[in-house]
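Chemist: Dropping a prediction and its sequence here:
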Amino acid sequence: MNILEISKLYKTYGDQTILNDLSATISIPERIALLGKSGQGKSTLLRILCRLETQDLGGISFQGRSYLDMDVKEWRKKISYVSQQSYMLQGSVEDNLRTVSQLHRTDFDIALAKQLMAALNLEHLDWNKSSSELSGGEKQRVALARTLLLKPEVILLDEVTASLDMESKYAVETLLIDWQREKGNTFIWITHDLEQAERISNRIWFIEGGSLVEDGES
Ligand SMILES: Nc1ncnc2c1ncn2[C@@H]1O[C@H](COP(=O)(O)OP(=O)(O)O)[C@@H](O)[C@H]1O
Ligand SMILES: [Mg+2]
């Protein structure tokens, strides 16, 4: 059974066509780099895949189940999006980390949370600190840890290292590659950095004119 089947997606904003008959299949766990110029619909595609946006036409299936047959909340636990502008919930770092388990009524895995924070070079970040006092790069990494705590099957990453220094960027790459290998899940990672794309992916999607004009091994 395919992990994800994206079938003939069509999306417009006003008179602008963003996605035009875009299809793709993910049949085994993979690390996909999603490339393309600005404004080509990369973020729109990921936001549709996690159902933050709705396509005009076309469908998505996860493990053989149509998005129409799955509750949005259940869907987003399986297919989770980490946005470029990481949004923080009000409250402390710890509140942010705990939110997902509260939301999904699962136990908070504190050992995993600590492990993730350490792997993200945030070992020394005070968990009592207010999320509003974090730097952009800290927010981005806390948001990433928060999503990984959900253990999604498909992780959608939208330029998640854009505001990070080199050391943190590499830490994020290492964590996500190791995580993907260990858990056998899949990620789709939007990046503008070709070298990063080669480091992190085994498959590359290139989006242009609303569809994937290239889809191959990297
Ligand atoms: N909510 C929206 N309303 C109207 N236009 C939008 C909206 N979201 C994105 N767009 C437009 O759709 C196009 C594709 O955007 P986006 O998916 O963010 O591209 P990318 O991530 O590849 O840079 C852009 O021209 C953008 O301005
Ligand atoms: Mg974008």
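Modeler: Good, I have the coordinates. Ligands and ions are numbered 1, 2, ... in the order given.

Chemist: For Ser218, give me the pLDDT.
Modeler: In this model, Ser218 is scored at 89, pLDDT.

Chemist: That one against Arg199, yeah?
Modeler: No: between Ser218 and Arg199 there is no contact, the gap being 9.5 Å when judged by CB atoms under 8 Å. To be clear about C-beta, it is placed using only N, CA and C from the backbone, and glycine gets the same treatment.

Chemist: need the helix or strand of the chain with the lowest average pLDDT.
Modeler: helix 93-104 (a mean of 90; mean pLDDT, DSSP states H and E).

Chemist: ok, then the element right after it?
Modeler: Sequence-wise, the next helix or strand downstream of helix 93-104 (DSSP states H and E) is helix 110-119.

Chemist: for the next helix-or-strand element following that next one, packing partners?
Modeler: Next helix or strand after helix 110-119 toward the C-terminus (DSSP H and E): helix 136-148. On a contact count with 3 or more CB pairs under 8 Å, 6 or more residues apart in numbering; DSSP states H and E, helix 136-148 meets strand 79-82, helix 93-104, helix 110-119, strand 154-158, helix 166-183.

Chemist: and helix 136-148, which residues are buried?
Modeler: Neighbour counts over helix 136-148 (16 or more other CB atoms under 10 Å) mark 137-148 as buried.

Chemist: returning to that earlier point: which residues sit against the least confident helix or strand of the chain?
Modeler: With CB atoms under 8 Å, 6 or more residues apart in numbering as the test, helix 93-104 has contacts from 73, 77, 88-89, 107-109, 113, 117, 125-129, 131, 134, 142-143, 145-147, 149-150.

Chemist: and the chain, which residues reach ligand 2?
Modeler: Residues of the chain lying near ligand 2 by CB under 5 Å from the ion: 42-43.

Chemist: Let's check: the centremost residue of the chain is which one?
Modeler: Leu156 (1.9 Å; CA atoms, centre = their mean).

Chemist: Pairing partners for that one in the sheet, please.
Modeler: Tyr81, Ile188 (DSSP bridges).

Chemist: any idea how far the residue nearest to Ala171 when sequence neighbours are not counted is from ligand 2?
Modeler: Excluding its sequence neighbours, the residue lying closest to Ala171 (CB to CB, 6 or more residues apart in numbering) is Asn121, at 4.8 Å. Distance from Asn121 to ligand 2, counting by CB to the ion, to the nearest Å: 25 Å.
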